[in-house]
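In: kindly generate the corresponding structure for this input.
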Amino acid sequence: MASIFYHSKKIANALLIMSFSFSLASGAAAATPSGSQVLPWMDTSLTPAVRSQLLIGAMTLDQKIEQIAGSPGTNPDLPQCGSTFRHINGIPELGIPNFRITNGPVGLGGGDCNPQDKATALPVALGLAASFDTDLAYSFGNLMGGEARTLGLHELEGPGMDMARVGEGGRNFEYMGEDPYLAGILSSREIHGIQDNNIIAMSKHYVLNDQEKNRNSVSVNIADNVLHELYLLPFEMSVKDGNVASIMCSYNRIGGIYACDNKYLLTTVLRDMWGFKGYVQSDFGATHSTAMALNAGLDLEMQSAINFTPAKINAALSDGSLTINTINQALDRRYVQMFKFGIFDTPAQHGTIDAQANGATARAIAEQTAVLLKNEGHLLPLSSSVKSIALIGQSTFADAAVAGGGGSSRVSPLYTITPLDGLQNTLAKIGSNATITKVMVANNNSNLDAAVAAAKNADVVIIMAGVVTSEGSDRPSLSLPNNQDAMISAVAAANKNTALVLKDGDPVLMPWINQVPAILEAWNPGEEDGNVVANLLFGLANPSGKLPVTYPISKADTPTSTDERYPGIGSGAGVVPQVYYSEDMKMGYRWYDSQGIKPQFAFGYGLSYSNFSISNLSVTQRTTDGTKPIQVSLSVKNTGTVAGAEVPQVYLGLPENANEPPKRLVGFKKIWLAPGEEKQVTITIDPAASNHPLSIWNSAAAAWTTLEGEYKVYVGNSSDNITLTNSFTVGRTATLSGDTSVLNGKNFSLNYGLKNVTQSVYQGVYAQDLTLSYDPTKVEFVDAQSSKTGLSVVSKNVTEPGKVRIMLASLGASNAIKTDGDLLTLQFKAKSAAQSASTTITLANIIVADGSGNEAQLAKASQKVLITVTQGDLNGDGKVTIGDLAIVAAAYGKTSSSPDWALAKLADVNNDGKVDIIDLASVAQLIN
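Out: Okay, the predicted model is just below:
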């Protein structure tokens, strides 16, 4: 009865959609339901897709146009919010709510309220990347998503995942560093954290918004393979792993076409290649056309209608450059997500954020983002016996909390903890009566003498310096601004016990590096700045961060030291600035590796108050066809005296013919260890993963390609400190498949075949030589028969008990083996035994040759076979129990055409090529 009702309901829904569509197609204006009528799309038992279609079918053209662009104004549902520009007006008579948006890379910034709501100011996203911690990334997103939910918001514009290609980039603090895999995996976890609160997350800025200089007009020139492997990859991961619901297209041009007009990026790549199901929103003011943008795949113009106005939309419809179906599709992509996230069904409510709880979370996150860059003489952590402290720096960094960078991401924090407050809080925790002398140095260093004097009279000196970057402009250089270099040098010279705390969102040059014994990179720590830094300096927290960007010694050492690469060339009226990514794959640490340039501090680098060792590297699948996951196992031990965390990093070097930089990051894991504790760690390199660890982008084929050859595995605790190496080979392999279990005394068979042998230049196999090995006490060899027409078994000689040498020949050019597949059926008989046992059958010493006599040796192939003594004993324990029934139940429904039939076949008790109710009944009847 339930089934009949369900299908009847589906038919009714389909008829509703058809009736709405018919009215539109016939040109009739859809009737507007009155408040007393039931709106069918508000039925929560329907799928989001059905609800969206029903709603769109009921809308007039004017209503549709109104819904594809932002609508600045007031919030009638939340009058306390005042006027704002981050929303889309709802249509109450259709049940469409106001759609409320907030910025979000580092907290709720510039949300749908004016003045904006106060929210938790988290550490900057570059700091989150420094954590190298996927669980922390989830917590980061979960906090933001929870606060957005509390404040009645619907969409959060974040995470940001452009690459820190340019060290001076004004928005690097909003992004996840210079490595696409690191950015992609952390962003994906952050997205899950956001969206688990029923808040729509947004991956931005798609794509190549890697500089602020000329961002609204610059055209990026980049090779297709570089685009896919480096700059698109984090976005691809956010779609495939993060299941992100929306994407923001960027301001810049790519190859002369604006990102929001770019059909290749918005449709071919995003939707056709990656399977993205969400909607695309423009950056604010990044739309430059009407029909071109909508046809390219842009769904929503923000902040307001400039190109998606009623006049321009109607003109495009009239001249045929745009169709109503394209507008419907744009609406559908957003409405499906709105229904999916419950936005139609849960009225916006403006609640109160738990400032204390969320502040504690923000502090815990920030403490794990800090990177200890230098610690000569173990100056840090500072001792509780210190009697006097000089706190020195410019007021921006040493007097106030650095809650974040500037621009649209700026958060209005719920509260802030200043450096002085934080030091006093920590000193109280450790029972210290140390005095603090604070000297705020003027930007022109006019009172530098006072700072030097204070430094000379203190037990320890804490300098706080940095740079606050902002959307809209890049830094003029990589140097610290406002004469801070001179200040650091002078103060450090006055006291050898000087610790420098950097607060920034980009790498900085360090001309004073040899003068300062201890350097802590704290980034922009957020609202808990003071507590975070003080806890780290005094050891209440142990630094565990690793650099997500490379710190160069000089600007000349960087990959963007020429005008063509940054900021680009061409200026003046009517001139489109051009920037050339001619360093190709050599971005970030890949550049330093390729050029043999030693950086100041390498990608992945970071010290701890403890010490660690990484050892016992092993790699499974030493020879593989490039499709199976590879397990990289190692041991990590805390050899120090305090608890802390290490991050073993796995890099992969591709075969030489890939023409790639020496290595790429493919895995890492943050491990917390007590003193003396050791843990085994396994990091999986999965060729099928969204980061394509073994592959390069083949532009000609528009696909990822895995090359044959040796892949080098590098393990270390930074990109330039590789302490362990190993390798595996991707190439031609043999396969052995077939029966995985047999009743003793019965016959069984295995199939021998080839995989990848005939690819590339090795295009025809004419002869094969292989040695079959088995345990003669458990198995009897019966025969070897060709399973391919034109392939002859030339010989099959038993060379010794348990070994058979088999030679095969393909007769004539028409029978040369040119494709993968099974070639030979090997027949055996299981010997009778008193109890169940397993045995392994192996093919080794496999040599294949082409028609010119060129030989190639393949890796061995093995198959494990369980020999049972009791019919129905599938787990080999000598009896038939509920465990055997469970094996059949787990494989139920599989057939001989299933890809995992070699494993599932064990459950095919009656050998009819399928696992069904008969097999279940057969085993059940045998259970005593």
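In: what's the burial count for the closest residue to residue 61 other than its chain neighbours?
Out: Among residues not flanking residue 61 along the chain, residue 324 sits closest, at 7.3 Å (CB to CB, 6 or more residues apart in numbering). The way it works is simple: take the backbone N, C-alpha and C, and place the C-beta from them, glycine included. When neighbours are counted by other CB atoms under 10 Å, residue 324 registers 13.
In: against residue 125, how distant is residue 324?
Out: According to CB to CB, to the nearest Å, residue 324 stands 40 Å off from residue 125.
In: before we move on, what about residue 114?
Out: 25 Å.
In: who has more neighbours out of the two?
Out: residue 125 (36 against 16).
In: the more buried one touches residue 171, doesn't it?
Out: No: Residue 125 is beyond contact range of residue 171, at 9.5 Å (criterion: CB atoms under 8 Å).
In: which neighbours do these two share?
Out: residue 160 (CB atoms under 8 Å, 6 or more residues apart in numbering).
In: backbone phi and psi for the nearest residue to residue 609 once chain neighbours are set aside, please?
Out: Excluding the flanking residues, the one nearest residue 609 by CB to CB, 6+ apart is residue 542, at 4.9 Å. The phi/psi pair for residue 542 (degrees, to the nearest 10) reads phi -100, psi 120.
In: cool, residue 363 as well?
Out: phi -60, psi -50.
In: likewise for residue 827?
Out: The phi/psi pair for residue 827 (degrees, to the nearest 10) is phi -110, psi 140.
In: and residue 733, by the same measure?
Out: Per degrees, to the nearest 10, the backbone of residue 733 is at phi -130, psi 160.
In: do the same with residue 303
Out: phi -90, psi -20.
In: which residues does it contact?
Out: Contacts of residue 303 (CB under 8 Å, 6+ apart): 70, 72, 85, 86, 284, 285.
In: same thing but 7 Å
Out: 70, 72, 85, 284, 285 (CB atoms under 7 Å, 6 or more residues apart in numbering).
In: residue 88 is in contact with the first one, correct?
Out: Same thing as residue 70. Yes: Residue 70 lies in contact with residue 88 (CB atoms under 7 Å); the separation is 5.6 Å.
In: pull up the distance across stretch 516-529, start to finish.
Out: End-to-end distance for stretch 516-529: 22 Å, by CA to CA, to the nearest Å.
In: can you check stretch 172-180 too?
Out: 14 Å.
In: same deal with stretch 151-167?
Out: OK, stretch 151-167 end separation, CA to CA: 35 Å.
In: grab the nearest non-local neighbour of residue 133.
Out: residue 670 (4.7 Å).
In: report the separation between that neighbour and residue 368.
Out: 8 Å.
In: and the helix or strand harbouring residue 52, what does it pack against?
Out: Secondary-structure assignment from DSSP states H and E places residue 52 in helix 48-57. Counting contacts by 3 or more CB pairs under 7 Å, 6 or more residues apart in numbering; DSSP states H and E, helix 48-57 is packed against helix 2-25, helix 324-340.
In: name the residues of it that are buried.
Out: 48, 50, 51, 52, 53, 54, 55, 56, 57 (16 or more other CB atoms under 10 Å).
In: contacting residues around residue 480?
Out: 465, 467, 508.
In: of the residues you listed - the most surrounded one?
Out: residue 465 (26 neighbours).
In: find the nearest non-adjacent residue to that residue, please.
Out: Nearest residue to residue 465 in three dimensions, chain neighbours excluded: residue 484, at 4.7 Å (CB to CB, 6+ apart).
In: picking up where we left off before, and the buried residues of helix 48-57, which is closest to residue 401?
Out: residue 48 (41.9 Å; CB to CB).
In: coming back round to it: was I right to think the residue nearest to residue 133 contacts residue 130?
Out: No: with contact defined as CB under 7 Å, residue 670 does not reach residue 130; the gap is 11.1 Å.
In: looking at these two, which one has more neighbours?
Out: Taking neighbours as other CB under 10 Å, residue 670 and residue 130 compare with residue 130 leading, 29 against 19.
In: quick check, pLDDT for the more buried one.
Out: Listed pLDDT for residue 130 reads 99.
In: is it in contact with residue 549, as I believe?
Out: No: applying CB under 7 Å, one finds residue 130 not in contact with residue 549, separated by 8.7 Å.
In: for residue 342, give its distance to residue 191.
Out: On the measure of CB to CB, residue 342 and residue 191 end up 17 Å apart.
In: more neighbours: these two, which one.
Out: Neighbour count, other CB under 10 Å: between residue 342 and residue 191, residue 191 has more, with 30 against 12.
In: thanks a lot, see you next time.
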